[in-house]
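heads up, no residue letters with this:
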Ligand code: S3P
């Protein structure tokens, strides 16, 4: 099938990598996880990049990868949760893909991520508050850039994939 690139955006824990992987098999498109590309290019996991170089360095890497990788066609991209915070990222992503917002509530994100050690932005005294604060800022942006929005709560991955395909008219 030869359809336009698809980008999955959404908050941490919304399932962008899992859904992206499954959807790519269903649609026979190449799956590209932007965080994994960053990790390979730096030979370090995200957490260690944040620890060693800080968030700004990571954001710059993320923007560089986006600039290069969106010249590919027929791909499904999983974007990091913070991708919407830079207009330059989103103008590239918007012009070269259909954007799918995988929606999750702050409460559900917290439930999924309360024990994780691999999300550097969530390290701090009150993880629930951190998630709520970030979500408040970002949900507006996810909605603004999305071509379609799909709920991911109380739904099997298969149902989520089906909903995406229906909304995309595939
Ligand atoms: C981030 C989300 C992470 C990763 C990095 C920053 C964010 O990706 O890019 O830790 O700013 O929300 P996931 O959304 O895949 O967890």
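Everything's here; your move. This is a predicted model, so every value here is computed, not measured.

Check what contacts whichever strand or helix holds residue 159 and list those residues.
Using DSSP states H and E, residue 159 sits within helix 157-168. Identification of contacts with helix 157-168 by CB atoms under 8 Å, 6 or more residues apart in numbering yields 3, 6, 15, 18-19, 22-23, 26-27, 98, 100, 102, 148, 150-152, 155. Placement of C-beta: from N, CA and C, glycine included.

Let's see which of the residues you listed end up in strands.
6, 98, 100, 102, 148, 150-151 (DSSP state E).

Give me the buried subset of those residues.
By neighbour count, with 16 or more other CB atoms under 10 Å, those hold 6, 98, 100, 102, 150 as buried.

Spatially, which two of the residues you listed are the most separated?
The span of these, defined through CB to CB, is set by 98 and 102 at 13.3 Å.

can you count the residues close to residue 132?
For residue 132, the count of nearby residues is 15 (other CB atoms under 10 Å).

Can you tell me how far the most centrally placed residue in the chain is from residue 111?
With distances taken as CA atoms, centre = their mean, residue 79 lies nearest the centre of the chain, 3.3 Å away. Residue 79 sits 22 Å away from residue 111, taking CB to CB, to the nearest Å as the criterion.

What strand or helix carries residue 13?
Residue 13 belongs to no helix or strand, assigned by DSSP H and E.

thinking residue 46 is in contact with residue 58, fair?
Yes - using CB atoms under 8 Å, residue 46 is in contact with residue 58, at 7.1 Å.

list the residues that contact both of these two?
Common neighbours of residue 46 and residue 58 are listed as residue 38 (criterion: CB under 8 Å, 6+ apart).

which bits of the chain sit near the ligand?
By the rule CB under 6 Å from any ligand atom, the part of the chain lying against the ligand is 12, 16, 35, 46, 80-82, 119-121.

Most widely separated two among those residues?
Taking CB to CB, the two most distant members of the residues of the chain next to the ligand are 16 and 120; they sit 17.1 Å apart.

before we move on, the earlier item: out of the residues of the chain next to the ligand, who has the most neighbours?
residue 16 (27 neighbours).
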